[in-house]
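Student: mind looking at a prediction? Sequence and model below.
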Amino acid sequence: MTVISVSLTNDLLDRLDQFVEESGYSSRSEALRLAIRDVLNEYKLSRMQRGELLSTVTIISASDETATHLGLIDLRNGFDELIFGNMHLHIEGGYCIEIFLVKGPSDRILDFVSKSKTIRGVIEVNHTLTPMLRDS
């Protein structure tokens, strides 16, 4: 196997170590291999969705990160044609939650989700994909 180097925050490393210990994995590497496989499989399945979709995209970030808020504004502006609803809330612990309701072609929605994950300061991104069924 190839050995790689990964940078993690102390908090994320602590959470990984706790997960390894509680779940019975033999090492961090084994747990990371599983996580990477799961993410790649999820990515592959999401790319198989075709046509018009409805989606919710939930983004969690630190509330005091100006660069993150600017990145989210750029994201909104770049995908304005998809967004038909948006809610911004402050939640406990100094975090913000941004919920987008989007509708459009699957490839464009998946681009929106991918780009949201690359915004500096974004902690978590989750999304749903719901096909828009048309009556025959």
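Tutor: Received it, and whenever you're ready, just let me know what you need. If you're wondering where the values come from, they're calculated on a predicted model, not measured in any experiment.

Student: going by C-alpha atoms from here, please, whenever you check contacts or count neighbours.
Tutor: Will do.

Student: quick one, phi psi at residue 84?
Tutor: phi -120, psi 0 (degrees, to the nearest 10).

Student: same check, this time on the one 5 residues further on
Tutor: Backbone torsions for residue 89, taken as degrees, to the nearest 10, come to phi -130, psi 150.

Student: the strand or helix carrying residue 31: what's the following helix or strand?
Tutor: Secondary structure assignment for residue 31, by DSSP states H and E: helix 28-48. Sequence-wise, the next helix or strand downstream of helix 28-48 (DSSP H and E) is strand 52-62.

Student: any stretches of the protein with poor pLDDT?
Tutor: For the chain, the stretches with pLDDT under 70 are 41-42, 44-49, 133-136.

Student: how about a cut-off of 80?
Tutor: Filtered on pLDDT under 80, the chain yields the residue ranges 37-51, 132-136.

Student: what segments of it are helices?
Tutor: Taking DSSP state H, the helices of the chain run over residues 10-23, 28-48, 66-78, 106-117.

Student: nearest to residue 58, out of those helices?
Tutor: Closest approach to residue 58 among the helices of the chain (Cα to Cα): helix 106-117, 9.4 Å.

Student: how close does residue 69 get to residue 80?
Tutor: Going from residue 69 to residue 80 by Cα to Cα, to the nearest Å gives 16 Å.

Student: please apply the same query to residue 36.
Tutor: As judged by Cα to Cα, residue 36 and residue 80 stand 31 Å apart.

Student: residue 130 too?
Tutor: On the measure of Cα to Cα, residue 130 and residue 80 end up 19 Å apart.

Student: likewise residue 93?
Tutor: Counting by Cα to Cα, the separation of residue 93 from residue 80 is 30 Å.

Student: neighbour count for those two, which is higher?
Tutor: Applying other Cα atoms under 10 Å to residue 93 and residue 80 shows that residue 80 carries more neighbours, namely 11 against 8.
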